[in-house]
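# let's see this in three dimensions:
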Amino acid sequence: MKKIKRLSFVLFTVSVLFLTSCGGNDKPLEKGTSIESTKVAVDAISNDKKGNEGKRFMIEGYLNYTPLHRVYTNRYQTVYVNNEANRKGDDIAIISMKWGENSKNKVFVPETTQETVFYDNEGNPLTSADKVNISFSVIEGETYPVDVRIDKL
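Numbers count the residues shown, from 1 in each chain. Take a look at the predicted model:
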């Protein structure tokens, strides 16, 4: 009986810790330190993830996203940053954004229009024609920059 009570207490404690630590994953994201908005500059930061982990960086550009035939909404989405609007110009960076509708710092494609909508740090909708500041972090184990914050210019 004593073992059952102890096991119940441990399970309860683990459950509470899990729920409180994972409950609100939309934490406020800080703006990053402005860097040159070029592929070379972003690649240099991404190639030194260990040295840059915990730091925030910021570039400016235009977001674009082309979903595949199937979108896995529980995974990061691969979003491109260009130096010109509407998928034109050179790629500056590839970033990872979360999927979500009417939410902060997310990407979404409505089934009705198939036009990509990006949401900025205030939750306002943007398109690939809007010039934005993109703040991000790099971490070990992730291919592209994460913890993306979008601010319209």
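# switch to C-alpha atoms for all contacts and neighbour counts from now on
Noted.
# quick one: the strands in the protein, in order.
Per DSSP state E, the chain carries strands over the ranges 33-34, 57-64, 77-82, 91-99, 106-108, 117-119, 125-126, 131-137, 146-152.
# list the buried residues in stretch 100-118.
100-109, 116-118 (16 or more other Cα atoms under 10 Å).
# could you export that stretch as PDB, CA atoms only?
The C-alpha trace of stretch 100-118 is given here as PDB (Å, rounded to 0.1, in the frame of the first residue of the first chain):
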ATOM      1  CA  GLY A 100      -0.700  28.500 -36.800                       C
ATOM      2  CA  GLU A 101      -3.700  30.700 -37.700                       C
ATOM      3  CA  ASN A 102      -4.300  34.000 -36.000                       C
ATOM      4  CA  SER A 103      -1.300  33.700 -33.700                       C
ATOM      5  CA  LYS A 104       2.000  35.500 -33.100                       C
ATOM      6  CA  ASN A 105       5.100  34.700 -35.200                       C
ATOM      7  CA  LYS A 106       3.500  31.900 -37.200                       C
ATOM      8  CA  VAL A 107       2.900  30.900 -40.900                       C
ATOM      9  CA  PHE A 108      -0.500  29.700 -42.200                       C
ATOM     10  CA  VAL A 109      -2.100  28.800 -45.600                       C
ATOM     11  CA  PRO A 110      -5.900  28.900 -45.600                       C
ATOM     12  CA  GLU A 111      -7.500  26.100 -47.600                       C
ATOM     13  CA  THR A 112      -9.800  28.600 -49.300                       C
ATOM     14  CA  THR A 113      -7.300  31.000 -50.900                       C
ATOM     15  CA  GLN A 114      -4.000  29.100 -50.800                       C
ATOM     16  CA  GLU A 115      -2.300  32.400 -50.100                       C
ATOM     17  CA  THR A 116       0.300  32.300 -47.400                       C
ATOM     18  CA  VAL A 117      -0.300  34.400 -44.300                       C
ATOM     19  CA  PHE A 118       2.400  35.300 -41.900                       C
END
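# and the contacts of it?
With Cα atoms under 8 Å, 6 or more residues apart in numbering as the test, stretch 100-118 has contacts from 63-66, 73, 77, 97-99, 119-128, 148-150.
# give me the buried entries from the residues you listed.
63-65, 77, 97-99, 119-121, 123-128, 148-150.
# distance check, the residue nearest the centre of the chain against Val79.
The centroid of the chain falls nearest to Met97 when counting by Cα atoms, centre = their mean (3.1 Å). To Val79, Met97 is 7 Å away according to Cα to Cα, to the nearest Å.
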